[in-house]
Every structure is written in structure tokens, then in C-alpha cells.
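Novice: Pasting the sequence and the predicted coordinates here, then a few questions.
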Amino acid sequence: MRLTPRETDRLTIYLAAELARSRRARGLRLNVPEASAIIADTFCEAARDGATLAEAIAAARATLEPSDVLDGVADVLGRLEVEALFDDGSRLAVLHDPIGGGGLGPDAPGAILPGAGPIAFPVRETVALDVLNTGPVPIAVTSHWHFFEANRRLRFDRAAAYGRRLAIPAGASVRFEPGSARTVELAPIGGDRVVIGFAALVDGPLDAPGAREAALERARARGYEGV
């Protein structure tokens, strides 16, 4: 049995959530990893049951209360990002204050204390691509997704999108309606430029010798539009 990286991550979350539930049943208050696992697992299972994104978010937010966790956990866990596969595709949710701790105050454990003065962000060159949804249902693509590997029903210049993601805020997404076209801006993927998972067209360093050509060939063989 071969599991994709995404499936392995999902099993890890499930096992961590089951351990946390066992400890909670024994009367223990949960720490940050345990609380995160239970909330993420609830979100993923709601998506698997056919819930909408809004319904899954509501279910996740209703999972725990401040009394279920150790002191300070609700404050530290002020934001949780969870990705799950819904009926209309993969969706990323940003859960703000998922336990109801009120968010991080300046005196809370783990609070972020900004320094004085402006923060300089690197400027990255973007490219504009026209994207057409040739499929019968809406398709949403999130900010972190390797756009080259986006849904095969999206028609655009795949070669130009290699190694790039949507130039939108983290956690946001762009929705492509059936039969409609729109123009998007793509920015280079940063960091070590290693892409693992997604549609398994790359699964390794983006800039390795021959990686781009091999990924294009896989996309062509699997029927991706725009190759």
C-alpha cells in the first residue's frame, strides 16, 4: 500500500487526535499539539462527510472550549491553518481563535512582540497568466499551491507556471468558475524550492536537472490542460 505525503499527514493528524481524545477522556487538559490535532481532525472529517467549507469551520471551532485546554493554550493557539479535501476540491481554512481564547495579548505565552521601524519584504517578479476553467464545476486554488499542478481542467500555460504560486496573501484562494477565464498573477515559490505532494508531478527540488521537463511530461501523460 503506497500512501502519498498528503495521506501520510492525514493519518498522523488522526493518530494525534485519537491520542488527545484519549487523554481528554481521562480528565487531562490538552496542550497545544493535542488541541491542534483534535481541531484539525474535526475539520477534515467534516469535509469528508460532505460538509461545506463554512460548516467544517463551524464544526472545528465548536470542538474545544478554554476549559478543555491548559492555561495559555487558547491564547497561544490564536490561528490554525487546516487543509482538507472537499467535494469541490482541496480547500485551506484559516481558523482564527479556534478555542475562544480571545487571541494573543501582549502578556500571553508565546505572544509576538513587534519591533520598532518598518519591515522590508523581498520583491519578487510576478507573471500574469490567463486561466480558463474547462470543467463543469468551480475550482478553487489556494495561495500555497504549486500552480503548475493545479486541477487538470484548468487551461493555462503550464510551463510558465512551473515553480510558481498565486501572488495572493497566505490562506487566501482564487475561484475559477466553469467555462470562465480570468487573469492571475503568479510569484516564484521561495525557500528551498522543494515541492512535495500536491498532484505528485514534481515531488522534489524544483530546480534539479531535468525536473521541469519530467514534470511537464507527467502532466502531458495525465491529460493536464495547457501542456
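Specialist: Looks like it came in fine. Everything numeric here is computed off the predicted structure, so don't read it as measured data. Residues are numbered from 1 along each chain as shown.

Novice: Give the next helix or strand downstream of the worst-scoring helix or strand of the chain on mean pLDDT.
Specialist: For the chain, using mean pLDDT, DSSP states H and E, the weakest element among its helices and strands is helix 73-76, scoring a mean of 86. Later in the chain than helix 73-76, the nearest helix or strand by DSSP states H and E is strand 79-86.

Novice: what is the mean pLDDT for that next one?
Specialist: Averaged over strand 79-86, pLDDT sits at 91.

Novice: heads up, I number from 111, so please use that
Specialist: Happy to do that; since the first residue is 111 now, the last one works out to strand 189-196.

Novice: chain center to the helix or strand following it: distance?
Specialist: As assigned by DSSP H and E, the chain's next helix or strand after strand 189-196 is strand 199-206. Averaging C-alpha positions (CA atoms, centre = their mean, to the nearest Å) puts strand 199-206 6 Å from its chain's average.

Novice: Show residues contacting strand 199-206.
Specialist: For strand 199-206, the external contacting residues (CB atoms under 8 Å, 6 or more residues apart in numbering) are 149, 153, 157, 163, 166-167, 170-171, 188-195, 213, 249-250, 252-255, 261, 281, 283. To be clear about C-beta, it is placed using only N, CA and C from the backbone, and glycine gets the same treatment.

Novice: Hmm, Ser146 is touching Leu187, no?
Specialist: Yes. Counting by CB atoms under 8 Å, Ser146 does reach Leu187; the two are 6.5 Å apart.

Novice: out of the contacts of strand 199-206, which are buried?
Specialist: Buried residues within these, defined by neighbour count using 16 or more other CB atoms under 10 Å: 149, 153, 157, 163, 166-167, 170-171, 188, 190, 192-194, 249-250, 252-255, 261, 283.

Novice: Other residues contacting the longest helix anywhere in the chain?
Specialist: Secondary structure assigned by DSSP state H gives helix 115-135 as the longest helix of the chain. If you take CB under 8 Å, 6+ apart as the criterion, helix 115-135 is touched by 113, 140, 143-145, 147-148, 150-152, 154, 178, 306-307, 313.

Novice: Val142 against Ala184, yeah?
Specialist: No. Taking CB under 8 Å as the contact criterion, Val142 and Ala184 are not neighbours in contact, 9.7 Å apart.

Novice: quick one: which of the two has more around it?
Specialist: Here Val142 and Ala184 are compared on neighbour count by other CB atoms under 10 Å; more neighbours surround Ala184, at 25 against 17.

Novice: What's the separation between that one and Ala127?
Specialist: Distance check for Ala184 against Ala127: by CB to CB, to the nearest Å, it reads 18 Å.

Novice: follow-up on the earlier one: can you say which two of the contacts of helix 115-135 are spatially most distant?
Specialist: Within the contacts of helix 115-135, two members stand farthest from each other by CB to CB: Asp178 and Asp313, at 38.0 Å.

Novice: ok, now which ones touch Val183?
Specialist: Contact partners of Val183, counting by CB under 8 Å, 6+ apart, are 139-142, 145, 209, 211.

Novice: Poorly predicted segments of this structure, please.
Specialist: Judged against pLDDT under 70, the low-scoring parts of the chain cover residues 211-222, 231, 233.

Novice: can you give me the strands in it?
Specialist: Along the chain, the segments classed as strands by DSSP state E run 189-196, 199-206, 237-243, 249-252, 264-265, 274-276, 283-286, 291-298, 304-305, 314-315.

Novice: Ala270: how many residues sit nearby?
Specialist: A count of neighbours around Ala270, defined by other CB under 10 Å, yields 15.

Novice: Touching, it and Leu239? I think so.
Specialist: Yes. Checked against CB under 8 Å, the pair Ala270 and Leu239 is within contact range at 6.1 Å.
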